[in-house]
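Undergrad: take a look and give me a structure for this.
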Amino acid sequence: MKILLWSQYFWPEHFHINEVAQSLTEAGHQVTVLTGKPNYPGGTMFAGYQTWGVQQERHQGMDIVRVPMLPRGKGRARQLAQNYLSFIAAGYLLAPWRCARKPLT
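TA: Numbers count the residues shown, from 1 in each chain. Model prediction:
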């Protein structure tokens, strides 16, 4: 079965969704994760990731599609709102185009 997980947070950030995705992959499902660029908890993008542009990678048998979003910064209300809304907007605009592609091998 092909499964698309849509989560703002994913590996290398530490959230329960990582374990869910890994369990589904180990059960034999083809998992694609649509996520944002890692920036939690520090509020800045992790090394190797850019704020803009779509990045694709493969991790433990899963295809990962990272959409652009504004980093959460210091976690103030306005920054968090921009972070959440930019992920939602980028996901809705880019998911149909990027997730319909042939999986990475």
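Undergrad: who's in contact with the nearest residue to residue 82 once chain neighbours are set aside?
TA: Of all residues not flanking residue 82 in the chain, residue 70 sits nearest, at 4.8 Å (C-beta to C-beta, 6 or more residues apart in numbering). Yep, even glycine has a C-beta here, placed from its N, CA and C like the rest. With contact taken as C-beta atoms under 8 Å, 6 or more residues apart in numbering, residue 70 is in contact with 51, 79, 82-83, 86.
Undergrad: same check, this time on residue 98
TA: Residue 98 neighbours (C-beta under 8 Å, 6+ apart): 34, 54, 56, 65, 67.
Undergrad: what residues sit buried inside the helix or strand encompassing residue 23?
TA: Assigned by DSSP states H and E, residue 23 falls within helix 16-26. By neighbour count on 16 or more other C-beta atoms under 10 Å, the buried set for helix 16-26 is 17-18, 21-22, 24-25.
Undergrad: how far does that helix sit from its chain's centre?
TA: Distance of helix 16-26 from its chain centroid, counting by C-alpha atoms, centre = their mean, to the nearest Å, is 14 Å.
Undergrad: rewinding a little: for residue 86, see how far away the residue nearest to residue 82 is.
TA: For residue 70, the distance to residue 86 equals 4 Å [C-beta to C-beta, to the nearest Å].
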